[in-house]
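Colleague: Got a sequence here, can you model it:
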Amino acid sequence: MTPGHRCDSGRSPGRLSAATLGLAGHLPDSLWRPGAQLAGSVLARFPTAGVRRWRGNAQTMTGQRPSPAQTRRAVVSWMRTTVTSMQLSRWSGERIDATVDHDPAQLQALRRACRDRGALVALPHMGSWDLAGAWVARRGMPVTTVAEHLPEAEFRLFVRTRERLGMRVLGYREPGTVRHLVEDLSGHRLVCLVADRDLSGGGVPVGWATADGPVPGSMPAGPAHLAVLTGAALIGAACSYRGPDRMRIEFSPILEPAAGGTSRQRVGQLTERLAEWFSAQIRDQVCDWHMFQPFFPDPVIPDNGAMHPDSAGTGQ
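Modeller: The predicted structure is shown next:
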(Lines give C-alpha, C1' and ligand atoms only; values in the text may rest on other atoms or scores of the structure.)
Protein backbone atom coordinates (compact mmCIF):
# COMPACT_ATOMS: atom_id res chain seq x y z
CA MET A 1 0.00 0.00 0.00
CA THR A 2 1.36 3.27 -0.90
CA PRO A 3 1.44 8.28 -0.40
CA GLY A 4 -1.14 10.82 -0.34
CA HIS A 5 -1.18 12.73 -2.41
CA ARG A 6 2.12 11.10 -3.29
CA CYS A 7 3.60 7.71 -2.57
CA ASP A 8 7.13 7.01 -1.43
CA SER A 9 9.44 4.22 -2.30
CA GLY A 10 10.55 4.20 1.31
CA ARG A 11 12.30 6.38 3.87
CA SER A 12 15.85 5.14 3.86
CA PRO A 13 19.17 5.55 5.67
CA GLY A 14 20.58 6.49 2.23
CA ARG A 15 19.29 6.61 -1.32
CA LEU A 16 19.70 3.42 -3.31
CA SER A 17 20.13 3.45 -7.05
CA ALA A 18 17.82 1.55 -9.37
CA ALA A 19 20.64 -0.93 -10.04
CA THR A 20 21.13 -1.59 -6.32
CA LEU A 21 17.40 -1.96 -5.80
CA GLY A 22 17.24 -4.37 -8.73
CA LEU A 23 20.03 -6.42 -7.18
CA ALA A 24 18.10 -6.58 -3.91
CA GLY A 25 15.32 -8.29 -5.82
CA HIS A 26 17.56 -11.28 -6.50
CA LEU A 27 19.36 -11.74 -3.17
CA PRO A 28 18.54 -14.99 -1.34
CA ASP A 29 17.58 -14.85 2.32
CA SER A 30 20.89 -16.46 3.20
CA LEU A 31 22.68 -13.34 1.95
CA TRP A 32 20.48 -10.35 2.67
CA ARG A 33 19.39 -11.31 6.19
CA PRO A 34 22.91 -11.60 7.69
CA GLY A 35 23.96 -8.63 5.56
CA ALA A 36 21.14 -6.57 7.04
CA GLN A 37 22.13 -7.57 10.58
CA LEU A 38 25.74 -6.57 9.90
CA ALA A 39 24.71 -3.26 8.35
CA GLY A 40 22.41 -2.57 11.26
CA SER A 41 25.15 -3.23 13.79
CA VAL A 42 27.63 -1.00 11.95
CA LEU A 43 25.15 1.85 11.51
CA ALA A 44 24.10 1.65 15.15
CA ARG A 45 27.72 2.32 16.07
CA PHE A 46 28.62 4.68 13.22
CA PRO A 47 25.29 6.27 12.24
CA THR A 48 24.76 8.14 9.00
CA ALA A 49 22.78 11.38 8.95
CA GLY A 50 19.66 9.38 8.09
CA VAL A 51 20.13 7.02 11.02
CA ARG A 52 20.70 9.96 13.37
CA ARG A 53 17.47 11.46 12.10
CA TRP A 54 15.62 8.22 12.78
CA ARG A 55 17.00 8.21 16.33
CA GLY A 56 15.82 11.77 16.82
CA ASN A 57 12.38 11.07 15.39
CA ALA A 58 12.04 7.93 17.50
CA GLN A 59 13.16 9.75 20.64
CA THR A 60 10.64 12.53 20.05
CA MET A 61 7.83 10.05 19.45
CA THR A 62 8.55 7.67 22.34
CA GLY A 63 10.20 10.00 24.87
CA GLN A 64 13.21 7.68 25.13
CA ARG A 65 16.56 7.65 23.33
CA PRO A 66 16.75 4.52 21.16
CA SER A 67 19.28 1.94 22.24
CA PRO A 68 21.90 0.58 19.82
CA ALA A 69 19.81 -2.61 19.59
CA GLN A 70 16.74 -0.61 18.59
CA THR A 71 18.75 1.32 16.00
CA ARG A 72 20.00 -1.95 14.54
CA ARG A 73 16.42 -3.25 14.41
CA ALA A 74 15.28 -0.09 12.62
CA VAL A 75 17.93 -0.47 9.91
CA VAL A 76 17.18 -4.18 9.51
CA SER A 77 13.46 -3.41 9.29
CA TRP A 78 14.02 -0.87 6.50
CA MET A 79 16.27 -3.29 4.58
CA ARG A 80 13.66 -6.03 4.97
CA THR A 81 11.00 -3.72 3.57
CA THR A 82 13.21 -2.82 0.59
CA VAL A 83 14.04 -6.43 -0.24
CA THR A 84 10.41 -7.46 0.18
CA SER A 85 9.25 -4.75 -2.24
CA MET A 86 11.77 -5.86 -4.86
CA GLN A 87 11.02 -9.58 -4.49
CA LEU A 88 7.29 -9.55 -3.81
CA SER A 89 6.17 -9.94 -7.41
CA ARG A 90 7.81 -13.40 -7.40
CA TRP A 91 6.16 -14.53 -4.16
CA SER A 92 3.40 -17.06 -4.41
CA GLY A 93 -0.06 -16.12 -3.23
CA GLU A 94 0.26 -18.72 -0.52
CA ARG A 95 3.44 -17.11 0.81
CA ILE A 96 1.79 -13.68 0.87
CA ASP A 97 -1.16 -15.07 2.78
CA ALA A 98 1.01 -16.97 5.26
CA THR A 99 3.17 -13.94 6.03
CA VAL A 100 0.40 -11.55 7.11
CA ASP A 101 -1.38 -11.61 10.47
CA HIS A 102 -4.57 -9.61 10.95
CA ASP A 103 -7.77 -9.26 12.96
CA PRO A 104 -10.60 -10.86 10.95
CA ALA A 105 -13.15 -8.40 12.37
CA GLN A 106 -11.03 -5.46 11.18
CA LEU A 107 -10.76 -6.99 7.71
CA GLN A 108 -14.50 -7.55 7.57
CA ALA A 109 -15.14 -3.91 8.44
CA LEU A 110 -12.79 -2.86 5.65
CA ARG A 111 -14.54 -5.15 3.15
CA ARG A 112 -17.92 -3.78 4.13
CA ALA A 113 -16.82 -0.18 3.81
CA CYS A 114 -15.21 -0.81 0.41
CA ARG A 115 -18.39 -2.46 -0.84
CA ASP A 116 -20.94 -0.06 0.62
CA ARG A 117 -19.42 3.42 0.33
CA GLY A 118 -15.90 3.13 -1.02
CA ALA A 119 -12.84 3.07 1.22
CA LEU A 120 -9.40 4.56 1.35
CA VAL A 121 -6.62 3.36 3.61
CA ALA A 122 -3.97 5.73 4.96
CA LEU A 123 -0.72 4.32 6.29
CA PRO A 124 2.42 5.57 8.03
CA HIS A 125 5.82 4.49 6.71
CA MET A 126 5.82 1.26 8.73
CA GLY A 127 6.65 -2.28 7.68
CA SER A 128 5.96 -3.25 4.07
CA TRP A 129 3.04 -1.36 2.59
CA ASP A 130 3.64 -3.19 -0.69
CA LEU A 131 3.10 -6.54 1.04
CA ALA A 132 -0.02 -5.10 2.69
CA GLY A 133 -1.34 -3.97 -0.69
CA ALA A 134 -0.69 -7.34 -2.30
CA TRP A 135 -2.36 -9.12 0.61
CA VAL A 136 -5.45 -6.88 0.53
CA ALA A 137 -5.76 -7.29 -3.25
CA ARG A 138 -5.87 -11.06 -2.71
CA ARG A 139 -8.87 -10.49 -0.44
CA GLY A 140 -10.86 -9.20 -3.43
CA MET A 141 -10.18 -5.47 -3.06
CA PRO A 142 -8.11 -4.19 -6.01
CA VAL A 143 -5.71 -1.43 -4.97
CA THR A 144 -5.02 2.01 -6.43
CA THR A 145 -2.11 4.09 -5.15
CA VAL A 146 -0.10 7.18 -6.04
CA ALA A 147 3.64 7.20 -6.78
CA GLU A 148 6.05 9.99 -5.99
CA HIS A 149 8.26 11.05 -8.91
CA LEU A 150 11.73 9.83 -8.05
CA PRO A 151 14.60 9.83 -10.56
CA GLU A 152 13.19 8.18 -13.65
CA ALA A 153 14.91 4.79 -13.35
CA GLU A 154 13.88 4.37 -9.71
CA PHE A 155 10.35 5.62 -10.40
CA ARG A 156 9.81 3.15 -13.25
CA LEU A 157 11.21 0.30 -11.14
CA PHE A 158 8.81 0.91 -8.26
CA VAL A 159 5.87 1.41 -10.61
CA ARG A 160 6.63 -1.87 -12.42
CA THR A 161 6.92 -3.85 -9.21
CA ARG A 162 3.59 -2.53 -7.92
CA GLU A 163 1.82 -3.07 -11.22
CA ARG A 164 3.00 -6.69 -11.22
CA LEU A 165 1.22 -7.07 -7.89
CA GLY A 166 -2.04 -5.94 -9.49
CA MET A 167 -1.99 -2.37 -8.17
CA ARG A 168 -3.04 0.59 -10.27
CA VAL A 169 -0.30 3.20 -9.87
CA LEU A 170 -0.99 6.87 -10.60
CA GLY A 171 1.81 9.42 -10.88
CA TYR A 172 1.75 12.23 -8.34
CA ARG A 173 2.18 14.87 -11.04
CA GLU A 174 -0.02 13.26 -13.67
CA PRO A 175 -2.98 15.39 -14.78
CA GLY A 176 -6.27 14.21 -13.35
CA THR A 177 -4.87 12.13 -10.49
CA VAL A 178 -7.55 13.26 -8.03
CA ARG A 179 -10.28 12.62 -10.61
CA HIS A 180 -8.95 9.09 -11.18
CA LEU A 181 -8.87 8.44 -7.43
CA VAL A 182 -12.48 9.60 -7.08
CA GLU A 183 -13.50 7.35 -9.96
CA ASP A 184 -11.72 4.37 -8.44
CA LEU A 185 -13.36 4.95 -5.06
CA SER A 186 -16.78 4.97 -6.71
CA GLY A 187 -15.78 1.81 -8.59
CA HIS A 188 -15.03 0.03 -5.28
CA ARG A 189 -11.28 -0.06 -5.72
CA LEU A 190 -9.38 0.40 -2.46
CA VAL A 191 -7.33 3.61 -2.56
CA CYS A 192 -4.20 3.28 -0.42
CA LEU A 193 -2.03 6.27 0.48
CA VAL A 194 1.05 6.46 2.70
CA ALA A 195 0.37 9.68 4.52
CA ASP A 196 2.43 10.40 7.62
CA ARG A 197 5.05 12.69 6.06
CA ASP A 198 4.14 16.01 4.41
CA LEU A 199 6.47 16.10 1.43
CA SER A 200 4.86 19.17 -0.13
CA GLY A 201 5.26 21.47 2.86
CA GLY A 202 1.66 22.59 2.40
CA GLY A 203 -0.14 19.97 4.45
CA VAL A 204 -2.58 20.14 7.33
CA PRO A 205 -1.23 21.25 10.75
CA VAL A 206 -1.55 18.45 13.32
CA GLY A 207 -0.33 17.66 16.79
CA TRP A 208 1.61 14.40 16.94
CA ALA A 209 0.66 12.57 20.13
CA THR A 210 4.12 11.77 21.46
CA ALA A 211 4.90 10.22 24.81
CA ASP A 212 5.71 13.67 26.20
CA GLY A 213 2.62 15.40 24.80
CA PRO A 214 1.57 16.94 21.48
CA VAL A 215 4.33 18.02 19.09
CA PRO A 216 3.34 20.24 16.16
CA GLY A 217 3.75 18.92 12.65
CA SER A 218 1.83 18.54 9.43
CA MET A 219 0.37 15.75 7.32
CA PRO A 220 -0.82 15.47 3.74
CA ALA A 221 -4.44 16.50 3.28
CA GLY A 222 -5.05 13.88 0.58
CA PRO A 223 -6.75 11.06 2.51
CA ALA A 224 -9.06 13.31 4.52
CA HIS A 225 -9.79 15.49 1.49
CA LEU A 226 -10.89 12.48 -0.55
CA ALA A 227 -12.99 11.15 2.33
CA VAL A 228 -14.79 14.47 2.79
CA LEU A 229 -15.18 14.99 -0.96
CA THR A 230 -16.62 11.55 -1.74
CA GLY A 231 -18.08 10.24 1.51
CA ALA A 232 -15.74 7.25 1.34
CA ALA A 233 -14.63 5.62 4.59
CA LEU A 234 -11.16 6.61 5.83
CA ILE A 235 -9.37 3.80 7.66
CA GLY A 236 -5.86 3.86 9.09
CA ALA A 237 -3.55 0.88 8.68
CA ALA A 238 -0.15 0.16 10.22
CA CYS A 239 2.25 -2.68 9.42
CA SER A 240 4.86 -4.08 11.78
CA TYR A 241 7.12 -7.12 11.72
CA ARG A 242 6.45 -9.87 14.25
CA GLY A 243 9.33 -12.28 13.70
CA PRO A 244 11.44 -13.16 10.66
CA ASP A 245 8.55 -14.39 8.54
CA ARG A 246 5.49 -12.55 9.84
CA MET A 247 3.99 -9.09 9.47
CA ARG A 248 0.98 -7.77 11.35
CA ILE A 249 -1.51 -5.31 9.84
CA GLU A 250 -3.64 -3.28 12.22
CA PHE A 251 -6.66 -1.41 10.85
CA SER A 252 -8.34 1.47 12.67
CA PRO A 253 -12.09 1.86 12.99
CA ILE A 254 -13.59 4.10 10.33
CA LEU A 255 -12.47 7.67 11.01
CA GLU A 256 -15.45 9.89 10.30
CA PRO A 257 -15.28 13.63 9.61
CA ALA A 258 -17.21 16.06 11.78
CA ALA A 259 -20.83 16.55 10.77
CA GLY A 260 -20.62 20.34 10.64
CA GLY A 261 -18.17 23.02 9.54
CA THR A 262 -16.56 23.96 6.27
CA SER A 263 -14.86 21.37 4.09
CA ARG A 264 -11.48 22.75 5.15
CA GLN A 265 -12.38 22.44 8.83
CA ARG A 266 -13.65 18.91 8.37
CA VAL A 267 -10.49 17.90 6.49
CA GLY A 268 -8.35 19.38 9.27
CA GLN A 269 -10.27 17.61 12.03
CA LEU A 270 -10.19 14.28 10.21
CA THR A 271 -6.45 14.57 9.54
CA GLU A 272 -5.91 15.26 13.24
CA ARG A 273 -7.80 12.07 14.12
CA LEU A 274 -5.62 10.12 11.69
CA ALA A 275 -2.47 11.62 13.24
CA GLU A 276 -3.62 10.50 16.68
CA TRP A 277 -4.11 6.94 15.48
CA PHE A 278 -0.78 6.94 13.60
CA SER A 279 1.00 8.25 16.70
CA ALA A 280 -0.14 5.34 18.86
CA GLN A 281 0.91 2.78 16.24
CA ILE A 282 4.31 4.39 15.73
CA ARG A 283 5.04 4.65 19.46
CA ASP A 284 4.15 0.97 19.88
CA GLN A 285 6.37 -0.29 17.02
CA VAL A 286 8.85 2.53 16.47
CA CYS A 287 11.61 0.28 15.11
CA ASP A 288 9.41 -0.48 12.10
CA TRP A 289 8.84 3.23 11.38
CA HIS A 290 11.06 3.98 8.38
CA MET A 291 11.39 7.69 9.08
CA PHE A 292 15.04 8.38 8.30
CA GLN A 293 14.16 11.81 6.95
CA PRO A 294 13.35 15.17 8.60
CA PHE A 295 9.95 14.90 10.22
CA PHE A 296 9.45 17.17 13.23
CA PRO A 297 9.94 20.95 12.90
CA ASP A 298 12.60 20.97 15.67
CA PRO A 299 14.33 17.61 15.25
CA VAL A 300 16.30 15.93 17.99
CA ILE A 301 19.60 14.51 16.72
CA PRO A 302 20.97 12.58 19.69
CA ASP A 303 24.47 11.90 18.34
CA ASN A 304 25.52 15.20 16.86
CA GLY A 305 23.34 17.73 18.65
CA ALA A 306 21.21 20.10 16.62
CA MET A 307 20.94 19.54 12.90
CA HIS A 308 18.90 21.60 10.49
CA PRO A 309 16.17 19.65 8.68
CA ASP A 310 17.78 20.28 5.28
CA SER A 311 21.32 19.28 6.18
CA ALA A 312 23.38 16.34 4.97
CA GLY A 313 21.92 13.03 3.89
CA THR A 314 19.52 11.95 1.18
CA GLY A 315 16.75 9.46 0.98
CA GLN A 316 13.95 8.20 -1.18
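Colleague: and the nearest residue in space to Val100 that is not next to it in sequence, what does it touch?
Modeller: In space, and not counting its chain neighbours, Val100 is closest to Trp135: 4.6 Å by Cβ to Cβ, 6 or more residues apart in numbering. Where C-beta positions appear, they are placed from N, C-alpha and C, glycine not excepted. Residues near Trp135 by Cβ atoms under 8 Å, 6 or more residues apart in numbering: Ile96, Asp97, Thr99, Val100, Ile249.
Colleague: Quick check: mean pLDDT of the helix or strand harbouring Trp135?
Modeller: Assessed by DSSP states H and E, Trp135 sits inside helix 129-137. On average, the pLDDT along helix 129-137 is 96.
Colleague: Parallel or antiparallel, which strands does the helix or strand just after it pair with?
Modeller: Counting by DSSP H and E, the next helix or strand C-terminal to helix 129-137 is strand 143-147. Partner strands for strand 143-147, per DSSP bridges, with pairing direction: strand 168-171 (parallel), strand 190-194 (parallel).
Colleague: so where do the strands sit in this protein?
Modeller: Assigned by DSSP state E, the chain shows strands spanning 100-101, 119-123, 143-147, 168-171, 190-194, 204-210, 213-219, 233-241, 247-255.
Colleague: what about the fourth one, distance to the chain center?
Modeller: The chain centroid and the centroid of strand 168-171 are separated by 16 Å, computed with Cα atoms, centre = their mean, to the nearest Å.
Colleague: where does this protein dip in pLDDT?
Modeller: Where the chain drops to pLDDT under 70, the residues are 1-22, 25, 149-151, 301-316.
Colleague: okay, which residue of it is out on the far edge from center?
Modeller: Gly260 (30.1 Å; Cα atoms, centre = their mean).
Colleague: Tell me how many other residues surround Leu107.
Modeller: 16 (other Cβ atoms under 10 Å).
Colleague: And Ser218, by the same measure?
Modeller: 18.
Colleague: With Ala258 instead?
Modeller: So Ala258, with other Cβ under 10 Å, has 13 neighbours.
Colleague: pretty sure it contacts Thr271?
Modeller: No. Assessed by Cβ atoms under 8 Å, Ala258 is found out of contact with Thr271, at 11.7 Å.
Colleague: Could you pull out the buried residues of stretch 64-79?
Modeller: Pro66, Gln70, Thr71, Arg72, Arg73, Ala74, Val75, Val76, Ser77, Trp78, Met79 (16 or more other Cβ atoms under 10 Å).
Colleague: Kindly report the same for stretch 107-121.
Modeller: Leu107, Ala109, Leu110, Arg111, Ala113, Cys114, Arg117, Gly118, Ala119, Leu120, Val121.
Colleague: Using CSV, lay out those residues together with distance to Arg33.
Modeller: Output for those, formatted as CSV (distance: Cβ to Cβ, whole Å):
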residue, distance to Arg33
Leu107, 29
Ala109, 35
Leu110, 31
Arg111, 34
Ala113, 37
Cys114, 35
Arg117, 42
Gly118, 39
Ala119, 35
Leu120, 34
Val121, 29
